[in-house]
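Asker: Just to be clear, the model below is a prediction. Sequence and coordinates:
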Amino acid sequence: MSPPLPALIRAGLIGAATGLRSTSGVTVLVCAAPAVLPSGSWAARFARPGVRAVALAGAAAEFVTDKSPRTPDRLSPGGLAPRVALGAVTGGVLANSRTAKRPTAAGAAAGAAAAVAAGYAGERWRTVRDRQAGRDCVAAALEDVASLTLAAGACTWAATARRRAYTAAEENSSGLWETCSSERESWLP
């Protein structure tokens, strides 16, 4: 069964964030994991402190090295492959964040496709911006903000959807309990 359209849109948003900055999607997902992913699921491993520390260190390193003129092109195979892989992983996990029993193939595809599209769009924007302003650092910093905003938005939306689903399930189960209780009382002499 394929995830609903909003879940695929969230997967695309976090994939796009990953296309702009390869580590931003996974870093925000790891930091938001306790709110986004159910505890006890395989994906809850993302919430471990060691994983969070590695993700944050990787993101910090990428944010710094991206401003260097010696940083390789993101569209080269070495630059695009990690973006596609991380976009697929984060998209698959986020698309199935309500149960997190397994990542969905549709979410992974949405995340990977959005990562490729955002990678090309980001490269194009940086090229045009660099020609206009002559300073790539400003464009890179704005791209950092855009990638973190996309990832945070996707994770916030997923956490809200998960919280709503949990609240609805609680309301349904309490309503069922009240119905069963009143029926049980009517059976008693």
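Answerer: That came through, no problem.
Asker: Please count neighbours and contacts with C-alpha atoms only from this point.
Answerer: Fine.
Asker: pretty sure Val84 is touching Ala110, no?
Answerer: No. Contact between Val84 and Ala110 fails when scored by C-alpha atoms under 8 Å: they sit 10.3 Å apart.
Asker: Using the three-state scheme, assign Ala88.
Answerer: helix (DSSP: H, G, I helix; E, B strand; the rest coil).
Asker: ok, it touching Ala114?
Answerer: No. Using C-alpha under 8 Å, Ala88 is not in contact with Ala114; the gap is 9.1 Å.
Asker: Between these two, which contacts overlap?
Answerer: Gly15 (C-alpha atoms under 8 Å, 6 or more residues apart in numbering).
Asker: what's the offset of stretch 148-160 from the middle of its chain?
Answerer: 7 Å (C-alpha atoms, centre = their mean, to the nearest Å).
Asker: start the count at 47, not 1, going forward
Answerer: Let's use 47 as the start, then, which means that last one is stretch 194-206.
Asker: I'd like the average pLDDT over that stretch.
Answerer: For stretch 194-206, mean pLDDT rounds to 91.
Asker: Show me which positions of it end up buried.
Answerer: Leu194, Thr195, Leu196, Ala197, Ala198, Gly199, Ala200, Cys201, Thr202, Trp203, Ala204, Ala205 (16 or more other C-alpha atoms under 10 Å).
Asker: just checking, the first one touches Leu75?
Answerer: No. Taking C-alpha under 8 Å as the contact criterion, Leu194 and Leu75 are not neighbours in contact, 10.5 Å apart.
Asker: and Ala214, helix, strand or coil?
Answerer: Using three-state DSSP, the structure places Ala214 in helix.
Asker: Number of residues surrounding it?
Answerer: 12 (other C-alpha atoms under 10 Å).
Asker: Quick check: it vs Ala207, distance?
Answerer: Note on Ala214: its distance to Ala207, by C-alpha to C-alpha, to the nearest Å, is 10 Å.
Asker: Within the helices and strands, which one has the residue nearest to Arg172 when sequence neighbours are not counted?
Answerer: The shortest distance from Arg172 to any non-neighbouring residue, by C-alpha to C-alpha, 6 or more residues apart in numbering, is to Ala185 (6.0 Å). Ala185 belongs to helix 182-233 when assigned by DSSP states H and E.
Asker: Check Ala161 too.
Answerer: Residue-wise, Ala161 maps onto helix 151-179 under DSSP H and E.
Asker: Show me what that helix is packed up against.
Answerer: helix 51-66, helix 123-141, helix 182-233 (3 or more C-alpha pairs under 8 Å, 6 or more residues apart in numbering; DSSP states H and E).
Asker: check contacts around Ala101.
Answerer: Thr69, Val72, Thr73, Val76.
Asker: same thing with Arg98?
Answerer: Arg98 neighbours (C-alpha under 8 Å, 6+ apart): Thr73, Val76, Cys77, Phe92.
Asker: All good on my end, thank you.
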